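Participant: below are the sequence and a predicted model; questions follow.
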Amino acid sequence: MRFRWLLLLSSSLTFSLFSLAAQARELLFWQYDRNQNRLEFTTDVGVQPTAQLISNPTRLVIDLPGINVGGPSTNQRLSGAIREVRVGQFERQTTRIVVELAPGYT
């Protein structure tokens, strides 16, 4: 009986650790540096971003598959060619970064 309890404890502990590891894949930091015209982001694991340019309004959409935002959606309003940068949870396991461009900018 004691062995079963230890086995059960060990298997539930293993399950908990795997659950924590699965939840840990997240966006840790992002910022748009207007002086260098550069978007930076950091995740806690490697990720292969996908990007697409969409029109009306013109925006660059960057998806980070397998990554969670780790907090509420955020945005940074700007002026000039870049109007706004938004970060949010697009799908359950995909973070989306949207860089909205000024009208007429392609």
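Facilitator: Arrived safely.

Participant: does Gly80 lie in a helix or a strand, and which?
Facilitator: Gly80 is located outside every helix and strand, with elements delineated by DSSP states H and E.

Participant: is it true that it touches Glu100?
Facilitator: No: with contact defined as C-beta atoms under 8 Å, Gly80 does not reach Glu100; the gap is 11.8 Å. All C-beta atoms are positioned from the backbone trio N, CA, C, and that covers glycine.

Participant: which one's more surrounded, these two?
Facilitator: Residue environment comparison for Gly80 versus Glu100 gives the larger neighbour count to Glu100, 19 against 10, counting by other C-beta atoms under 10 Å.

Participant: pLDDT score for the more buried one?
Facilitator: Among the per-residue scores, Glu100 holds a pLDDT of 95.

Participant: same thing with Ser10?
Facilitator: Value for Ser10, per-residue pLDDT: 36.
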